[in-house]
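**Student:** I would like the atomic coordinates for the input below:
(3 chains, ligands or ions: 2)
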Amino acid sequence: MSDLTKLTITEARDGLAAKEFSAKELADSHIRAIDAGNEALNAYILPTPEKALAMAEASDQRIARGESGPLEGIPLGIKDLFCTKGVRTTACSQILDDFKPTYESTVTQNIWDAGAVLLGKLNNDEFAMGSSNESSAFGCCVNPWRRNGDETNLVPGGSSGGSASAVAANLCLGAVGTDTGGSIRQPAAFTGIVGLKPTYGRCSRWGIVAFASSLDQAGPLAKTVEDAALLLQVMASHDPKDTTSIDTPVPDYRKGLRNGIKGLKIGIPEEYRVDGMPEDIEDLWRKGIDWMKAAGAEIQEVSLPHTKYALPAYYIVAPAEASSNLARYDGVRYGQRIPGDDLLEMYENSRAEGFGAEVKRRILIGTYVLSAGYYDAYYQKAQKIRTLIKNDFTDAFEKVDLLLTPTTPAPAFGIGEVSGDPVQMYLNDVFTVTVNMAGLPGLSVPAGLSSEGTPLGLQLIAKPLDEETLLQAGYALEEAAGPLPVPENWWNK
Amino acid sequence: MKVDEATVRHIARLARIKVTDEEAKNLETELSAILTWVEQLGEVDTRNVAPLTSVVQMSMKKREDQVSDGDCADDIIANAPEVADHFFVVPKVVE
Amino acid sequence: MQERVNPDKANLIAGATGDWEVVIGIEIHAQVTSKAKLFSGASTEFGGEPNSHVSLVDAAMPGMLPVINEECVAQAVRTGLGLKAKINLHSVFDRKNYFYPDLPQGYQISQYKHPIVGEGDVILDFKDGSTVTVGIERLHLEQDAGKSLHDQHPEHSFVDLNRSGVALMEIVSKPDLRSSEQAKAFISKLRTILRYLGTCDGNMEQGSMRADINVSVRKPRDDLGTRCEIKNMNSIRFIGQAIDYEARRQIDVIEDGGTIRQETRLFDTRTGETRAMRTKEEAHDYRYFPDPDLLPLEFTQDYVDALDADLPELPDAKKKRFVEDYELSAYDAGVLIASRAASDYFETVATGRDPKLASNWVTGDLFGALNKLGKEIGESPVSAESLGELVDLISDKTISGRIAKDVFDIMLETGEAPAKIVEKRGLKQVTDTGAIEKIVDEIIAANPDQVEQVKTKPKTLGWFVGQVMKATQGKANPQAVNDILREKLEVGEE
Ligand SMILES: [Mg+2]
Ligand SMILES: [Zn+2]
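**Tutor:** Ligands and ions are numbered 1, 2, ... in the order given. Okay, the predicted model is just below:
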């Protein structure tokens, strides 16, 4: 039998249906891959092999009874931001200690209900705050890709770095992540895989450790656009437990996948041509435009004038919401408690030791911008800018069906290379963050390699709730880009 | 916007995070850099712009008034650092 | 700040340097009557084992989200309508951020800039017939906190989240109150309105209604003085005491050359004094911002109108109707409408009967008896129907008013129907004039001196009446006795 970990979800479903292998065999080969590779990659912070085998066995029984769900027997990894019942959930923060939820997030419950198998919890930036996975309390996750002729460990991007790395290194067939400012799409681009951030409200936020409530959205990381469509199909739902979840039926995302993009109008936002963007990213973007044109799409220049303000506005809104969302980590009801002389000191000690540097930085920024006298100048101002950003998109979507941009302004960098200056790190999200600010769906598709031999992605952006067109165009882009080389396996023990 | 050390300490107290002298110094620099960077938003005229309240265009769904939850005290305290008789226990608070 | 009430001499407090005026504003936290909490499906039931009425949402577990209870919204709107206030079709839930062990989220979901209800009015009636209109600033919906027990252990506090997330209405008055009497009347009236509406049970002992009292003093017509907030009062009597103490304290401080510091104070029920809270008062900075987990709260005018149409008759309207329809005095009407149960009781008694007579029986004999028994009107041993029958027996002259009092006492004790009591005990009034005439003749014959006297002193006719009543064990119809006596003794009508 060939290496089952190299399959796509679509191929694995076919193989399971044809009884070429069992769910247990599929899970087992992934468990072995994790055993061999996770030490070097640090993608999983908590592998759950026993649970995986038990779930796979149950899957095999359902398959035998002809009761397969849409993800029956498919082994997946879950970002540690999702609460998983009885399975330690930490958001990769020390402050949650050994927190074992007594409940299951809606998105992961949807996945288990569809028959999927849990391989383990994946690494991420602490509380999803970061663009490199370096802020994880469990140490940085490593990108399976390396630069040509260079053994420097590269970051997988973040915050869903573990998810991206695990998918790219075949340590799972697909993964579930979250995207607040680019946290699915940027690591997907850095690791040469597909990452989709759905429309805000398409997936329930219930049971996901909150970072910035108005921006957080769960989404899939997968090897192919079709796999991403399959995963989103299952993840998306209307959830009465989440007031911001959208109550419209989930369409069949795979139905029109191969319909092509003839006649689709694709906008190219001029403001995404930023100063100092590397030549290879410019080239790739141009190539992407040509591919879309060749596939019959109509290309049109559009303007999103407030683009440059999205990132600074994001770094007000997200920390503000985070400062409030993270107030519950106080050492009273769960998580780590560090005693002190009195209650106040207990709070201050627990939070000082429990949170890492980046999280503290953002909590303090958020506290500052909401504090008396500054609300209007910062938070309110940023929310007004958000209105303008959203209006920009609304105007653009009067003229075009989709937008095409690079996913990131640069390829993956080395661990420790950008850590000095927080603002420099924040610039990683300059092309992805606009999409979160406006609540739109965005998709990163691997489209080529940088001059250093590391992956690059192109981003497609669609109208609210138009994931169908997004995936359809993503599929066309994937076809045009052709198969990308795979990283050489250096990580196995 | 530059923040001074006293401001750093004040917001750290509001956020209930203890900071060492060294951390306070570093944070002073880092927070000032971030706040200076976001100041570019001042370039945008937002006088007649309403702040965004939600990216989704829908009205808020409401729950029926039914008791559908609770009676799970064991779950509530399952992860607690210190409990007594199903109460959470904290250092004494003096009012 | 708006000056709505002119200084009333009677309310002024004498100090060494002249008269002082106390200015009071009140914030009430009223628990919304609902089965489940504001943002979770856990029960609002009072009491229960620690952390038993708590959902994962109330305990602020990671990833939990609030979903609003529609009934709590409706209750707030009903209350707003009852306060004749502006209902805001668009309101917003904000987060009020602060750390406290009984505040699991680290923030309270409340309404700050855009409350569900805007300005309204509450009218207070006083015994002397005067009224005071108290402005309502706003009403907003918010979550209650849990409960910390500080006295169970020398070094620890215990936290129970059963109340965490229960819906509260915060009702804020304008600083329109000028005495502890007015403050007490305001809280009673507000409680009456809430109880009529069924939006809060008004049970202060269980904490369903708590008040924060803002007190300041000034020389009449001066600008407002610095205020102190007396927190968490849950007894109307203590609120009066606390205000009186605090006003006097502030006057003394100022007259001794001191200044009032704006601070939060607690009332000690044992000493009757207020004291500054010991918790170090950091400058409060709640960092309010709209809760991103919730959308704005929006409803239509039709929704409001439908709730309005279903509203019960409110105390002020009922009082007006009682005065107009039943021709009761404003005072009697006020006493009767103080509770919905009492007014309902009265209306059952009064319907189809003499309202004045009904009112006298309810406010006099019945309330007096209940008071003695320590019972609420809902627990009355005499039902409204029975009391109505008793009034019937008086009106159709089956019994006299005096006999009725005896019958009523028996009803209180035995719960028997009045007709049955009268029947069984032979208390029926004698209206047979022949029988009465016979007794009158006997008394006249036996008392020639009295007969002589009544001719010059007509007032002594009462002596004869008494004799006849005595002879008939009170059963003779007093009017008939009177008529016959006047005729026979030739005493004219007065
Ligand atoms: Mg208040
Ligand atoms: Zn309040």
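
**Student:** ok now do the residue of the stretch 1-150 of chain A found nearest chain C, which residues does it touch?
**Tutor:** Relative to chain C, the nearest point of the stretch 1-150 of chain A is residue A:83 (5.0 Å; C-beta to the nearest C-beta). Every residue, glycine included, has its C-beta placed from N, CA and C. The neighbours of residue A:83, taking C-beta atoms under 8 Å, 6 or more residues apart in numbering or on different chains as the test, are A:89, A:101, A:103, A:104, A:105, A:108, A:207, A:208, A:209, C:61, C:62, C:63.

**Student:** which residue packs closest to it, ignoring adjacent ones?
**Tutor:** residue A:101 (3.9 Å; C-beta to C-beta, 6 or more residues apart in numbering or on different chains).

**Student:** Show the backbone phi and psi for that neighbour.
**Tutor:** phi -60, psi 150 (degrees, to the nearest 10).

**Student:** What of residue C:305?
**Tutor:** phi -60, psi -40.

**Student:** Compute the number of surrounding residues for it.
**Tutor:** 12 (other C-beta atoms under 10 Å in any protein chain shown).

**Student:** Run through the neighbouring helices and strands of the helix or strand where residue A:282 lies.
**Tutor:** Using DSSP states H and E, residue A:282 sits within helix A:279-294. Helix A:279-294 is packed against strand A:265-269, strand A:298-302, strand A:402-406, strand A:442-449, strand A:455-462, helix A:467-481, with contacts defined by 3 or more C-beta pairs under 8 Å, 6 or more residues apart in numbering or on different chains; DSSP states H and E.

**Student:** what residues does chain B put near chain C?
**Tutor:** B:13-14, B:16, B:53-54, B:56, B:58-73, B:75-77, B:84-95 (C-beta under 8 Å from any C-beta of the partner chain).

**Student:** Now the buried members of those residues.
**Tutor:** With burial judged by 16 or more other C-beta atoms under 10 Å in any protein chain shown, the buried subset of the residues of chain B next to chain C is B:13-14, B:16, B:53-54, B:56, B:60-63, B:65, B:67, B:69-73, B:75-77, B:86-93.

**Student:** Where does the prediction get shaky in the chain?
**Tutor:** In the absence of a named chain, chain A is used. Along chain A, the parts satisfying pLDDT under 70 run over A:1-2.

**Student:** that's the wrong chain, I meant chain B
**Tutor:** For chain B, the stretches with pLDDT under 70 are B:95.

**Student:** Name the single longest helix found in it.
**Tutor:** helix B:21-38 (DSSP state H).

**Student:** quick check, the next helix or strand after it touching chain A?
**Tutor:** Moving toward the C-terminus from helix B:21-38, the next helix or strand (DSSP H and E) is helix B:73-77. Yes - Helix B:73-77 lies within reach of chain A by C-beta under 8 Å from any C-beta, at B:75, B:76, B:77.

**Student:** How about residues contacting helix B:73-77?
**Tutor:** A:102-103, A:333, B:83, B:86, B:88, C:49-52, C:54, C:56, C:59, C:161.

**Student:** Would you mind checking which of the contacts of residue A:83 is nearest to residue C:452?
**Tutor:** Within these, the smallest distance to residue C:452 is 96.9 Å, found for residue C:61 (C-beta to C-beta).

**Student:** Any idea how many residues pack against residue A:78?
**Tutor:** 30.

**Student:** One more: residue C:271?
**Tutor:** 9.

**Student:** mind listing what it touches?
**Tutor:** Residue C:271 neighbours (C-beta under 8 Å, 6+ apart): none.

**Student:** and with 10 Å instead?
**Tutor:** residue C:245 (C-beta atoms under 10 Å, 6 or more residues apart in numbering or on different chains).

**Student:** Now do the SS call for it.
**Tutor:** coil (DSSP: H, G, I helix; E, B strand; the rest coil).

**Student:** Repeat that for the one 4 residues further on.
**Tutor:** Each residue gets one of three states, and residue C:275 gets strand by three-state DSSP.

**Student:** now the residue nearest to the spatial centre of chain B: how far from residue C:143?
**Tutor:** Chain B has residue B:15 as the residue nearest its centroid, 7.0 Å off, counting by C-alpha atoms, centre = their mean. Between residue B:15 and residue C:143 the computed distance is 21 Å (C-beta to C-beta, to the nearest Å).

**Student:** ok, back up a step: mind giving me the packing neighbours of the longest helix of chain B?
**Tutor:** helix A:307-325, helix A:357-370, helix A:422-426, helix B:5-14 (3 or more C-beta pairs under 10 Å, 6 or more residues apart in numbering or on different chains; DSSP states H and E).

**Student:** can stretch A:421-440 be found next to chain B?
**Tutor:** Yes - using C-beta under 10 Å from any C-beta of the partner chain, stretch A:421-440 reaches chain B at A:421, A:422, A:423, A:424, A:426, A:427, A:436, A:437, A:438, A:439, A:440.

**Student:** Quick check, the first one in contact with residue B:33.
**Tutor:** Yes - between residue A:421 and residue B:33 a contact is recorded at 7.5 Å, counting by C-beta atoms under 10 Å.

**Student:** of these two, who's got more company?
**Tutor:** The residue with more neighbours, out of residue A:421 and residue B:33, is residue B:33; 14 against 11, by other C-beta under 10 Å.

**Student:** The longest strand along chain B: how far from the chain's middle?
**Tutor:** Counting residues, the longest strand in chain B under DSSP state E turns out to be strand B:87-91. With C-alpha atoms, centre = their mean, to the nearest Å as the basis, strand B:87-91 stands 22 Å off its chain's centre.

**Student:** which secondary structure elements does it contact?
**Tutor:** helix A:343-354, helix B:73-77, strand C:147-149, strand C:156-160.

**Student:** Next, the buried residues of the shortest one.
**Tutor:** Neighbour counts using 16+ other C-beta under 10 Å place C:147, C:148 of strand C:147-149 among the buried residues.

**Student:** Spell out which residues sit in contact with residue A:260, please.
**Tutor:** Applying C-beta under 10 Å, 6+ apart, the residues near residue A:260 are A:295, A:296, A:297, A:472, A:473, A:475, A:476, A:479.

**Student:** Kindly apply the preceding question to residue C:474 instead.
**Tutor:** Residue C:474 sits in contact with C:399, C:400, C:402, C:403, C:406, C:427, C:429, C:430, C:468, where contact means C-beta under 10 Å, 6+ apart.

**Student:** Looking at neighbours, which among those residues is most surrounded?
**Tutor:** residue C:399 (25 neighbours).
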